[in-house]
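S.K.: Pasting the sequence and the predicted coordinates here, then a few questions.
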Amino acid sequence: MITLTLVLLICVALAFDFLNGLHDAANSIATIVSTRVLPARWAVFWAAFFNFIAFTVFGLHVAKTVGSGIIDVNIVTDRVIFAALIGAISWNIITWWRGIPSSSSHALVGGLIGAGLSAAGLSAIVWHGVSLTVAGIIASPSMGFFLALLLMLVVSWVCLKLTPFGADKIFRRLQFVSASLYSLGHGGNDAQKTMGIIAVLLYAHGLGGGGEFKVPFWVVITCQTAMAAGTLFGGWRIVHTMGSKITKLSPMQGFCAETGGAITLFLATHIGVPVSTTHTITGAIVGVGAARRVSAVRWGVARSIVFAWIVTMPAAALIASASYFVAGLWMK
């Protein structure tokens, strides 16, 4: 049944998706901007385009994990989804304002967990899906780190006879490819999380289609559009942190970081794990910096980012839990 509350919640979910694009634009464009391959104003258009077309490449495995694999679909109500979204959006705004590259994905998962626990206790949690997500917190930056480090070593060996100017010229061109792939992976993994939220809302209202959990095409295209629109607004505070504060990047390093991160995202999206694009690219940037020398990485900045990763899910869960009880004043 379509209600005004349902429509408003879908709008809130799309606002989260827009904010996700705004918050995580840095993941796609920080390296290509910091290496000055593309001016920032053009880089966001480049990233937004590939964010949008991601639905033509990937399936909807991540959307199904978020929609039905974090909390039991049978306990989902408008109040639960409202609280989860408020938890995720609030944490995103706090970290965006502070320029901290935290995870929009894990803020949303934390919000779902906090709202689900408040609504039905431990029985609300689908532990298999939560375990996959927690594993992704560790696996995605680690995989991004090692792939980028390996690529950096291989590429450095292959280009051993090139002059610095020649290598710079080649990798400035190749960064267009690597940035495109990373933006594609970002759009494929991140936009699907909001798709899952809207799909489970429709399911709770009996609009799932034959009583089955599925994601309608209009939800897919709307979420991809919202994320692409958010990306157009940049998120410059976090671009500065990702692109220059962790380590200084060359076009070769930018290419290796983006390619290592893209491979990680493609794999995670294929198997349906909602990983953090922020974690992934940060791990990759640290990897290429460490390949040059360990001291090239500003480990103090990296530690503060890791701390934000650790507190994101519990912080979003606490905000969502408080929002659930406040929402009880006017929502069932």
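M.R.: Nice, I can see it.
S.K.: phi, psi of the residue lying farthest from the centre of the chain?
M.R.: Among residues of the chain, the one most distant from the C-alpha centroid is residue 161; the distance is 37.8 Å, by Cα atoms, centre = their mean. Backbone torsions of residue 161, given as degrees, to the nearest 10, read phi -90, psi 0.
S.K.: what mean pLDDT does stretch 313-331 have?
M.R.: The pLDDT scores in stretch 313-331 average 92.
S.K.: wait, stretch 11-31
M.R.: Averaging pLDDT along stretch 11-31 gives 79.
S.K.: Using CSV, write out every CA atom in it.
M.R.: Extracted in CSV, the C-alpha atoms of stretch 11-31 (Å, rounded to 0.1, in the frame of the first residue of the first chain):
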residue,chain,number,x,y,z
CYS,A,11,12.8,10.6,-0.5
VAL,A,12,14.9,10.3,2.6
ALA,A,13,16.6,7.2,1.3
LEU,A,14,17.4,9.0,-2.0
ALA,A,15,18.8,11.9,0.1
PHE,A,16,21.1,9.4,1.8
ASP,A,17,22.1,8.2,-1.7
PHE,A,18,22.8,11.8,-2.8
LEU,A,19,24.8,12.4,0.3
ASN,A,20,26.7,9.1,-0.3
GLY,A,21,27.7,10.4,-3.7
LEU,A,22,28.7,13.7,-2.2
HIS,A,23,30.6,12.1,0.7
ASP,A,24,32.3,9.4,-1.4
ALA,A,25,33.1,11.4,-4.5
ALA,A,26,36.6,11.7,-3.1
ASN,A,27,37.1,8.0,-3.4
SER,A,28,36.7,8.2,-7.2
ILE,A,29,38.4,11.4,-8.0
ALA,A,30,41.0,12.2,-5.2
THR,A,31,43.9,10.5,-7.0
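S.K.: elements contacting the helix or strand in which residue 131 is found?
M.R.: For residue 131, the host element (DSSP states H and E) is helix 127-158. Applying 3 or more Cβ pairs under 8 Å, 6 or more residues apart in numbering; DSSP states H and E, one finds that helix 127-158 contacts helix 61-68, helix 104-120, helix 251-271, helix 277-292. (Glycine included, C-beta is placed from N, CA and C.)
S.K.: now those as a markdown table including distance to residue 146?
M.R.: Shown next, in a markdown table, are those (distance: least, Cβ to Cβ, whole Å):
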| stretch | distance to residue 146 |
| --- | --- |
| helix 61-68 | 22 |
| helix 104-120 | 21 |
| helix 251-271 | 8 |
| helix 277-292 | 7 |
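S.K.: relative orientation of the helix holding residue 131 and helix 251-271 in degrees?
M.R.: Angle of helix 127-158 versus helix 251-271, following axes from the mean of the first three to the mean of the last three Cα atoms, to 10 degrees, is 150 degrees.
S.K.: buried set for helix 127-158?
M.R.: 129-130, 132-133, 136-137, 139-141, 143-145, 147-149, 151-152, 155 (16 or more other Cβ atoms under 10 Å).
S.K.: Show me what the helix or strand following it is packed up against.
M.R.: Sequence order places helix 164-204 as the next helix or strand after helix 127-158, per DSSP H and E. Other helices and strands packing on helix 164-204, by 3+ Cβ pairs under 8 Å, 6+ apart, are helix 4-34, helix 40-52, helix 61-68, helix 78-98, helix 104-120, helix 217-232, helix 251-271, helix 277-292.
S.K.: Helix 164-204 - what's its average pLDDT?
M.R.: Averaging the model's pLDDT scores along helix 164-204 yields 88.
S.K.: And stretch 223-240, by the same measure?
M.R.: Averaged over stretch 223-240, pLDDT sits at 74.
S.K.: Repeat that for stretch 61-68.
M.R.: 88.
S.K.: Need the residues that contact it.
M.R.: With Cβ atoms under 8 Å, 6 or more residues apart in numbering as the contact definition, stretch 61-68 has outside contacts at 73, 108-109, 112, 126, 129, 132-133, 188-189, 192-193, 195-197, 199-200, 203, 213, 215, 268-274.
S.K.: again, only using 6 Å
M.R.: Residues outside stretch 61-68 that contact it (Cβ atoms under 6 Å, 6 or more residues apart in numbering): 129, 189, 192-193, 195-196, 199-200, 213, 215, 269, 272, 274.
S.K.: Return the residues in contact with the nearest residue to residue 103 once chain neighbours are set aside.
M.R.: Leaving aside its chain neighbours, residue 103 sits nearest to residue 276 (3.5 Å; criterion: Cβ to Cβ, 6 or more residues apart in numbering). By Cβ under 6 Å, 6+ apart, residue 276 lies in contact with 103, 105, 106.
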